[in-house]
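Undergrad: give me a model of this one.
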Amino acid sequence: MPETTLADVQHSLDRAIDLETEAAVDELRTARQNLAALEGEPAVDEARRRELATTLEQRIREVRNRDAYDSELGAAMNPEEEDAP
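TA: Take a look at the predicted model:
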């Protein structure tokens, strides 16, 4: 039986929402590794694992979009900088 459970992965996905970008990326990377380790385990609900994999991809997009938005917001607030729109 694996040490990590689907509940642990769900907890990591939920936590990543509230973390700063770098910490969220680390948390999501760990969740991805844990999901990969659970693949094919007989005691794991494969449908739930796939559902969490989809949620993981959504969280990754959310963090990327949040990071892009934050960097654009900073540029808009400091129009003197080179990366201002």
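
Undergrad: quick check: which ranges of the protein have low pLDDT?
TA: Where the chain drops to pLDDT under 70, the residues are 1-2, 69-85.

Undergrad: residue contacts, the nearest residue to residue 12 once chain neighbours are set aside?
TA: Setting aside the residues directly before and after it, residue 12 is nearest to residue 31 in space (C-beta to C-beta, 6 or more residues apart in numbering), at 4.0 Å. Where C-beta positions appear, they are placed from N, C-alpha and C, glycine not excepted. Residues near residue 31 by C-beta atoms under 8 Å, 6 or more residues apart in numbering: 9, 12, 13, 16, 52, 56, 59.

Undergrad: and those, which of them are in helices?
TA: Under the assignment DSSP state H, the contacts of residue 31 contribute 9, 12, 13, 16, 52, 56, 59 to helices.

Undergrad: circling back: need the contacts of residue 31 in CSV with neighbour count and distance to residue 24, can you?
TA: Rendered in CSV, the data for those read as follows (neighbours: other C-beta atoms under 10 Å; distance: C-beta to C-beta, whole Å):
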residue, neighbour count, distance to residue 24
9, 24, 15
12, 23, 10
13, 18, 10
16, 23, 4
52, 21, 16
56, 19, 12
59, 21, 8
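
Undergrad: of all those residues, which two lie farthest apart?
TA: Maximum pairwise distance among the contacts of residue 31 (C-beta to C-beta): 12.3 Å, between 16 and 52.
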